[in-house]
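only geometry, no sequence info:
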């Protein structure tokens, strides 16, 4: 991915990671955080769609064991899923008691980032925040951008789009971000293909091509030296 | 189907089974439960669209006689159709008195799963739950997922889409599920063809191809070694 | 038509007969009832769009004289058109006084079916019932299905779709029916062609092909041994 | 046109004459009335979009001088345009004082038809009646049909559709009519072509082909022996 | 343009001049008025989108100096833009004080037409009148038509459509006009082309072809002897 | 760009600069201002989406150091982003305290333009002003046009459109501007291409072609002697 971005996501950028169901957005975000941990960059993962326990299990299936990093204060999960309900949730350190209250989410997120001096943040997904109130989408993304960028974090906001939607999550959202990465899953001649494209990225001369990628048991592998071309891709836009 | 999924639906996954009218969703769900029964895995079928009596008749037409399993406490129908009205309904054990009240459906479902120690659950269909209140769709699916996954069940949520719709049941729903299986019925050159594709499935390296399938008098037979290709499939997306 | 359905519509099925204007839906429904009469199966025709007198005239133009059957108590028209206003209406036996009140329509229909011990019912059209209240469509169709199926009738619900619409009458309606037959009228190279396809039919191995049909002065003749192919049909989906 | 319809519009039919702007709908309707006058069939023209004076001028440009027929009581204009305002309007015999009040339009129309014993009626256009209240469209067309058919008239209801719209005036309207004639104006290779097609017509075996037509200074001439084919027509549906 | 229209716009016609942004609608309207002035036909230009001062400057850039005609009482600008605010506006003779009040616009327009005995009127644009209240569009255009036609004027109503819209300004508007001229600007192979087509024009046998045109420093030049064909135009409708 | 526009944007024109996310709209606007500064033309940049500090950093990455010009009173940033909150914001001279209040934005903008005798203004973006109230879009753009044109400024209004939208920001907005420049980013055969087209520009004979452009570390370079053709562009409109 570093080759595609010509050196990774630039510092302090807030990037929209956009894709349909099954495209690998969550894995991409988790891998972004874990590869930060490997170079001792602290990271925070805000989960809105999945139990924190399940998230740790999912990550471990790719060999990404975050427990040691959690113990060393390099990694934290912000639980915006359970509302603190359930036994397992009681063991979480960062819990958003009212997941529907955007302000309290911002507060807990800010605490976690400050405690860990986090340099990487992933929110999975921002779509959950405004799915029933689209008019607020832009404002929420703008505020997240102010907070995260102000705290010095490089961030990924996971944006869920419908399988038939070609945009990145709505006009308000897609212009507010510093970068946009799109993950795609296309059926061509009865076969599913994965590809990604960096649509914009402030501060770097990123690849202007669509690249095929795979999800392996070690995580995502991007074929930065290959182009996912129109010969096969033709069917996508029809 | 096991070959397509590389070993069946992974444990505790909540799978969206999406398709238009006449694609075979109900049969697929019933077959999933009956094949569990054959290996002594208890199962629960929640019916919202059909009388429980009619459902047992339909299953028996494929040779799936569930009565013995019901008597042995391995199978149960949760009746969310009759509201307990009618003679036949009085003989049902699990009846949702107020089918429009999502909470009471959850309660009866939880009882049934616990009583049977069910490991497989099918809800036919979840679309009924939110067809007149689409804003609630994601929340309902999220809650079903929490309950079913928490109880240790592997589950299929039947999602009805319009014959002209290419999505899986709306953006909120399709991202919430652990897996998506799509059933299709396409008219090509004046002939109807059946095919299915696994769009996503957490925890398994599923087939990345679209497979033709048939509905026989023994149920669904998936041709896992064949691909339903674009040469014939071309007409679908136009 | 029997060959297409491999033996006719299975008993107790509630079938959606869907098509645009001019496709022959009313004729199809009347022919279904009249062919029942020929083998002494009592039938009920619910008319919402046409004066009962006009309906009998239309049927007689195809040689289907229902008067003798009405006198013998084998056939009845339920008048949900006139609201009982007008001289001619006063001679009708089954009149829905408040055609906008779905409950009273159900009541009159139930009476007629019971009086005649009807085994065939046609409602022309159900679309009229919910055209200005689409949110109620599914519920109405579900209730009709419960009543008609409970009374042992095999039924056709005529569903009007717009000339440009490819669906069968909306997502709620098309999943509720036991079967779907679609009638089409397509302009290809400046000529109009008629065809039909059975999209789903519970309980029978129906034809999976689109068949051309004609409207003659004896009624509809389906060419069950011919396929209406893509070579000519291509223009339809563009 | 008689050849296309195999003998003209059948008696008492209520026909929807549908087309975009500039397709010749008004001329078609006026010609229908005038050719009735030539064989001494009395006719009524309801105008909702044009001053009655202007309508008589327009008709005279095709050589259709209605004044003598008005004087003999064979022809009448129902003025649903001026609301009786203006000098010229005061000389009109049939004036709808409140053109927005559908009931009063029906009343004046009924009077005119009875006075003249009219056998042909044209309403130009019905779209005006419900353009701002589409939910009422079907009901209005149904009521017109009851009145006109009850009075024994053969009628044309002019239906205006947008230049980009392929339907006939909405699902409610197009199913309510006994017949549908569609007029088209298509740009192909930089040239405009006129054609018409009879989409449905109860009670006659009409042409199943699209025919080219011209507007000359004698009115519309339909080339009933020619087909407007796909070779040139191809561009229309894209 | 006269050749295209076979002698110009017929007297008293109210013509919709429809086109997207940048197609030359304002220039077309101004040229229509100025060419009237050259043959001593008085004209009125109603401006709703541009300061009257700016409009005179724009016209002079094509060599159309209206000042002498204004002084001779042959030309007037009705200012429905400034609401009378600003120094320059105080020097205008015809000012609509409340541009949002359609009635006062009609009043000022009527005064101007009567004062000048104007035979040509251009309203640039009517879209401004109803852009936020589309339900009123048809009624406004009908009323303008009554007034302008009643005063004996030949008129152009400028109708703004979106760059992606193929219609002429909505179904209500496009049927109300006596004529429709459409101006187009199409990108084909990376180059912009201008063309126009007369879609309808009551009272004249206008060209049935699409003609290329240019905007030069003398105004619009229509190539009435050329057809803008599908070979280049093909891309437009896709 | 001057060659494309045949001498730059004409004085006092208000130009809509329209494009999807990542197309380079902000850079284009900043470059327009900076190239003015190089010839001592004072300029004002209104920022609604980005912190003024971040904007200055972004500009400096292209070698556009505005600080000296700010000190000399030739350049100013109007901060309509921070609402005056934060340390850095306190050092800004022109701050819109209530960014949601359009009138106060107009007031601060007017002050800045008068203080600097600015001849160039960029508003990045106007879309922010009306994203949640589209009915007000045209009115706001009209008012900006009156103020800016009245003050003698040549202005660029940045208009954000969705990645899938072919228009320029809505019908009201696109007709109100004196010019429209569209920036595009198209994926063709797996590669992203940048191009721009001048759709309209009052007062100049601009290029009628689509030109490729690049974003380099010196800013935007337009290839005015090249055309971005359909051979590669074909995929765009499908």
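Now that the structure is in, tell me what you want to look at. The structure displayed is predicted, hence computed values, not measured ones.

Could you confirm whether the helix or strand residue A:156 falls within reaches chain F?
Per DSSP states H and E, residue A:156 falls inside strand A:154-160. No - judged by CB under 8 Å from any CB of the partner chain, strand A:154-160 makes no contact with chain F; its nearest approach is 11.9 Å. C-betas here are computed from N, CA, C, even on glycine.

quick one: low-confidence parts of chain A?
Along chain A, the model assigns pLDDT under 70 to residues A:171, A:230-238.

Leaving out chain neighbours, which residue sits closest to residue A:128?
Nearest non-adjacent residue to residue A:128, counting by CB to CB, 6 or more residues apart in numbering or on different chains: residue A:48, 4.3 Å away.

Tell me if I'm right that the one you found and residue A:99 touch.
Yes - using CB atoms under 8 Å, residue A:48 is in contact with residue A:99, at 6.6 Å.

Name the residues contacting each of the two.
Taking CB atoms under 8 Å, 6 or more residues apart in numbering or on different chains as the contact rule, the neighbours common to residue A:48 and residue A:99 are A:80, A:81.

Spell out which parts of chain A neighbour chain F.
Going by CB under 8 Å from any CB, the residues of chain A near chain F are A:135, A:138, A:142, A:146, A:149, A:166-168, A:170-172, A:174-177, A:180, A:195, A:197, A:199-200, A:202-203, A:208-210, A:227-231, A:233, A:237-238.

Among those, which ones are in strands?
Here DSSP state E is the test, and the residues of chain A next to chain F give A:180, A:195, A:197, A:199, A:200, A:210 as lying in strands.

closest to chain D among these?
residue A:210 (27.7 Å; CB to the nearest CB).

Give me the distance between the closest one and chain E.
With distances taken as CB to the nearest CB, to the nearest Å, residue A:210 is found 22 Å from chain E.

That residue pairs with what?
residue A:197 (DSSP bridges).

cool, the one 4 residues further on as well?
Note on residue A:214: beta-bridge partners by DSSP bridges are residue A:221.

Could you tell me which residues make contact with it?
Contacts of residue A:214 (CB under 8 Å, 6+ apart): A:194, A:220, A:221, A:223.

Next, the nearest residue to the last one once chain neighbours are set aside: secondary structure please.
What it means is residue A:223. The shortest distance from residue A:223 to any non-neighbouring residue, by CB to CB, 6+ apart, is to residue A:212 (4.9 Å). Secondary structure, DSSP: H, G, I helix; E, B strand; the rest coil: residue A:212 is strand.

is it true that residue A:212 touches residue A:224?
No - counting by CB under 8 Å, residue A:224 is not a contact partner of residue A:212; they are 9.7 Å apart.

ok, whatever residue of chain A ends up closest to chain B - how many residues close by?
Among all residues of chain A, residue A:22 sits closest to chain B, at 2.7 Å; criterion: CB to the nearest CB. Residue A:22 has 24 neighbours, counted by other CB atoms under 10 Å in any protein chain shown.

Can you tell me which residue of chain A sits closest to chain F?
Counting by CB to the nearest CB, chain A gets nearest to chain F through residue A:200 (2.8 Å).

excluding its backbone neighbours, what's nearest that residue?
residue F:22 (2.8 Å).

Find the helix or strand that that neighbour is a member of.
Following DSSP H and E, there is no helix or strand that holds residue F:22.

which residues touch residue A:228?
Contacts of residue A:228 (CB under 8 Å, 6+ apart): A:193, A:195, A:209, A:210, A:211, A:212, F:190.

Could you pull out the helices in chain A for me?
A:2-5, A:25-38, A:52-60, A:67-71, A:87-90, A:102-116, A:127-130, A:137-150, A:171-176, A:230-233 (DSSP state H).

Looking at those, which is nearest to residue E:76?
For residue E:76, the closest of these is helix A:171-176, at 42.9 Å, according to CB to CB.

Now do residue A:119 against residue A:200, distance only.
Noted for residue A:119: a distance of 22 Å to residue A:200, by CB to CB, to the nearest Å.

If you could redo that for residue A:9, that was the one I meant.
For residue A:9, the distance to residue A:200 - CB to CB - is 12 Å.

So these two - more neighbours on which side?
residue A:9 (25 against 22).

Next one: the more buried one from residue A:203, what distance?
In terms of CB to CB, residue A:9 sits 9 Å off from residue A:203.

now do residue A:124
From residue A:124 to residue A:203 the distance is 24 Å (CB to CB).

Residue A:86 too?
42 Å.

circling back to that earlier point, who wins for neighbours among the contacts of residue A:214?
Top of the contacts of residue A:214 by neighbour count (other CB under 10 Å): residue A:194, with 22 neighbours.

Would you enumerate the residues in contact with residue A:15?
Contacts of residue A:15 by CB under 8 Å, 6+ apart are A:9, A:154, A:155, A:156, A:157, A:177, A:178, A:179, A:180, A:181, A:201.

Please repeat the previous calculation with a cut-off of 7 Å.
The contact partners of residue A:15, by CB atoms under 7 Å, 6 or more residues apart in numbering or on different chains, come to A:9, A:155, A:156, A:157, A:177, A:178, A:179, A:181.

pretty sure the last one is in contact with residue A:195, am I right?
Going back to what we said before, that points to residue A:181. No - if you go by CB atoms under 7 Å, residue A:181 and residue A:195 don't touch, sitting 11.4 Å apart.

List the buried residues of stretch A:193-209.
A:193-203, A:206-209 (16 or more other CB atoms under 10 Å in any protein chain shown).

typo on my end, it should be stretch A:115-129
Within stretch A:115-129, the residues scored as buried using 16+ other CB under 10 Å are A:116, A:118-129.

Mind listing the residues bridging to residue A:185?
residue A:194.

gap between it and chain D?
29 Å.

try residue A:125
According to CB to the nearest CB, residue A:125 and chain D sit 37 Å apart.

could you measure that residue against residue B:138, distance?
11 Å.

What residues does chain A have near chain B?
Residues of chain A lying close to chain B (CB under 7 Å from any CB of the partner chain) are A:21-22, A:49, A:131-132, A:160-164, A:187-192, A:235, A:238.

Let's see that with 8 Å instead.
A:20-22, A:49, A:51, A:54, A:58, A:61, A:125, A:127, A:131-132, A:160-165, A:185, A:187-193, A:235, A:238.

Pull out the buried residues from those.
For these, buried by 16+ other CB under 10 Å: A:20-22, A:49, A:51, A:54, A:58, A:125, A:127, A:131, A:160-163, A:185, A:187-193, A:235.

one step back: mind listing what the residue of chain A closest to chain F touches?
Contacts for residue A:200 (CB under 8 Å, 6+ apart) come out as A:177, A:178, A:179, A:180, F:21, F:22, F:185.

Kindly report the same for residue A:113.
By CB under 8 Å, 6+ apart, the neighbours of residue A:113 are A:44, A:121, A:148, A:151, A:153.

Residue A:5 touches residue A:205, doesn't it?
No - checked against CB under 8 Å, the pair residue A:5 and residue A:205 is beyond contact range at 9.3 Å.

Endpoints of stretch A:215-229, how far apart?
One end of stretch A:215-229 sits 19 Å from the other (CA to CA, to the nearest Å).

Can you give me the buried ones in that stretch?
Those would be A:215, A:219, A:220, A:222, A:223, A:224, A:227, A:228, A:229, for stretch A:215-229 by 16+ other CB under 10 Å.

And stretch A:60-72, by the same measure?
A:62, A:64, A:66, A:69, A:70.

Report the distance from that stretch to the chain centre.
Centre-to-centre, stretch A:60-72 and its host chain are 18 Å apart (CA atoms, centre = their mean, to the nearest Å).
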